[in-house]
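1. Generate a structure from the sequence data that follows.
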Amino acid sequence: MVNENNGQIIEAAGGLLWLEENNVRKIAVVNRTSRGYGDEWTLPKGKFDSTKGDKNLKDTAIREVHEETGCEKEKIIVGNFASSISYKVGDRPKIVLFWNMNCKGKCNFKESDEVQAVKWLPINEAINILTYPKERELLKKPIVEDDFLKRTRPSFFWKLRSNIKSTSHKRLQEAIPTVESELNSLIELRIKDKPETVSPWAEKSLRMIENAKYALRLCEIDLGWAFLNQAMLFSTYLLSNKDGSLKARAQATLNEAETKLSSWRKSTVQDLLGKNGVLKKHFSYNDLFMARKILTERHDNMHRSRVIALFQLKMLTIFAFVLLPCCVFALVITGLLELSNLPLLGSIILFGALGGTISSMTTVYKGSSESTIPDKILNSWTNISRPIFGAMAALAVSVFFYAGLINLGELTNYVVLAASFLAGLSERFFLSSVGKSMG
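-> From the prediction side, this is the model:
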């Protein structure tokens, strides 16, 4: 593989192979003393080799760890992307990607021409023994966990919550592997033509993906989406003009901004990228990053508004559900309703709930397929709550009828039930009818 500016690139991959032993976390390091390496201690790694079955660099990392440590290849579990390092071998640039790993099987090391020994060491000892400064620096980074992952949850409530998966939970669960796959493809493409950009942005992007996975496990859905969005923002710097991905992302961003944004947000994105669907001839990675960030912040603000509205709607539904029997009880104990009329009252409530149910069915049928998933979630809760609000509206209108506040002629049970149904079917239709009758 040849790059015009950097010459032939050496692609390699390796693993941070971890072992938990007596409550001490250890990592595998290997010793090489032959084949021109000199006496060195290093992390298990090696070059990409398609003749050995490597389809991508993750395959290379698994194969090299297997060959150099003796761990069973089929039992090696690959975790999150850890980091990457780059350096020159002679005049050729070399980049090495590392993944966190552990092995569920046995590691039966056998000395070879290339590797003479394997040691499992606590991370501080491994840092001291490693020959190369960049590998030592790699182990000093917070590779596996971030602070938020150390939070604890009461086990019972955490398990209960993790078993009840919301729509947002399922969407995040489906989105993470899709974004991760796209990022891995971008990283492998950039290794070929822009190796100098891979190390920092690949690390940041895939770290955010891993954080999103852990947030999902903790049922921190909003936090998970925040990490995933950040990963997609960082991926901006992995795009390229050579394959058209940079221009395509910029065009999509401009189109979305001009469709969905307004006021200062829209004008700012247009200043950065272009106007009326036409991209500027020259824009930078930072311009696209800032434009995407503005769009992401707008989506976040809308999501928070929906969350607040959804919470309020849920609370109102609960209050309505509790208040409905309380109102019936109040009518009975105050003597405004005789016990012999309870069957009629029950019918009034049922007809109101029926009207609310039919109203919900009509709304669902007419719902636009272009609505966003968060909007559909909010609307679904609105529709679910309508039967209970319909029942309350029916109860209220029946009180107005019997109090003489509404006069529709002869007051019969059929009239009351019909009005109850209409009250549940549509608040606006009900209010319009009341206005005409009282006019």
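
2. Spell out the secondary structure type for Ala12.
-> strand (DSSP: H, G, I helix; E, B strand; the rest coil).

3. for it, what are its contacts?
-> 45-48, 57, 60, 94-97 (CB atoms under 8 Å, 6 or more residues apart in numbering). Yep, even glycine has a C-beta here, placed from its N, CA and C like the rest.

4. so which of the residues you listed is the most crowded?
-> Within the contacts of Ala12, most neighbours by other CB atoms under 10 Å means Leu97, with 31 neighbours.

5. Could you verify that that residue is part of a strand?
-> Yes - the assignment for Leu97 is a strand, going by three-state DSSP.

6. Just give the closest residue to Leu57, not the sequence neighbours.
-> Sequence neighbours aside, Ala13 is the residue nearest to Leu57 in space, at 4.1 Å (criterion: CB to CB, 6 or more residues apart in numbering).

7. Report the contact partners of that neighbour.
-> Per CB under 8 Å, 6+ apart, neighbours of Ala13: 45-46, 48, 57-58, 60-61, 64, 96-99.

8. Could you give the number of residues near Gly244?
-> With other CB under 10 Å as criterion, Gly244 counts 11.

9. do you know how far Leu261 is from Val307?
-> 21 Å (CB to CB, to the nearest Å).

10. And those two? Which one has more around it.
-> Counted by other CB under 10 Å, Leu261 and Val307 do not tie: Leu261 has more neighbours, with 18 against 15.

11. I'd say that one and Leu273 touch.
-> No - applying CB atoms under 8 Å as the test, Leu261 and Leu273 come out as separate, 11.8 Å apart.

12. So which residues of the chain form strands?
-> Here the chain has its strands, by DSSP state E, at 2-3, 7-8, 10-21, 24-32, 40-42, 45-47, 76-89, 92-103, 117-122, 274-275, 278-279.

13. With distance to Arg386 and mean pLDDT as added columns, please give these in JSON lines.
-> Listed next are those as JSON lines, based on distance: least, CB to CB, whole Å; pLDDT from 0 to 100:
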{"stretch": "strand 2-3", "distance to Arg386": "62", "mean pLDDT": "32"}
{"stretch": "strand 7-8", "distance to Arg386": "67", "mean pLDDT": "54"}
{"stretch": "strand 10-21", "distance to Arg386": "53", "mean pLDDT": "87"}
{"stretch": "strand 24-32", "distance to Arg386": "54", "mean pLDDT": "89"}
{"stretch": "strand 40-42", "distance to Arg386": "66", "mean pLDDT": "91"}
{"stretch": "strand 45-47", "distance to Arg386": "61", "mean pLDDT": "92"}
{"stretch": "strand 76-89", "distance to Arg386": "44", "mean pLDDT": "79"}
{"stretch": "strand 92-103", "distance to Arg386": "49", "mean pLDDT": "84"}
{"stretch": "strand 117-122", "distance to Arg386": "61", "mean pLDDT": "92"}
{"stretch": "strand 274-275", "distance to Arg386": "43", "mean pLDDT": "90"}
{"stretch": "strand 278-279", "distance to Arg386": "46", "mean pLDDT": "91"}
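
14. Quick check: which of the ones you listed is nearest to Phe400?
-> Among these, the nearest to Phe400 by CB to CB is strand 274-275 (56.5 Å).

15. and the closest one, which strands flank it?
-> strand 278-279 (antiparallel) (DSSP bridges).

16. helices and strands around the helix ranked longest in the chain, which ones?
-> Identified as the longest helix of the chain according to DSSP state H is helix 285-333. Packing partners of helix 285-333 (3 or more CB pairs under 8 Å, 6 or more residues apart in numbering; DSSP states H and E): helix 221-234, helix 245-260, helix 263-273, helix 342-366, helix 373-402.

17. As PDB, could you dump the C-alpha coordinates of the first one?
-> Pointing back at helix 221-234 there. The C-alpha trace of helix 221-234 is given here as PDB (Å, rounded to 0.1, in the frame of the first residue of the first chain):
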ATOM      1  CA  ILE A 221     -29.500   5.700  28.100                       C
ATOM      2  CA  ASP A 222     -29.100   9.500  27.800                       C
ATOM      3  CA  LEU A 223     -25.400   9.200  28.700                       C
ATOM      4  CA  GLY A 224     -25.000   6.400  26.200                       C
ATOM      5  CA  TRP A 225     -26.500   8.500  23.400                       C
ATOM      6  CA  ALA A 226     -24.200  11.400  24.400                       C
ATOM      7  CA  PHE A 227     -21.100   9.200  24.100                       C
ATOM      8  CA  LEU A 228     -22.400   7.800  20.700                       C
ATOM      9  CA  ASN A 229     -23.000  11.300  19.400                       C
ATOM     10  CA  GLN A 230     -19.500  12.300  20.500                       C
ATOM     11  CA  ALA A 231     -18.000   9.300  18.700                       C
ATOM     12  CA  MET A 232     -19.800  10.400  15.500                       C
ATOM     13  CA  LEU A 233     -18.500  13.900  15.900                       C
ATOM     14  CA  PHE A 234     -14.900  12.700  16.300                       C
END
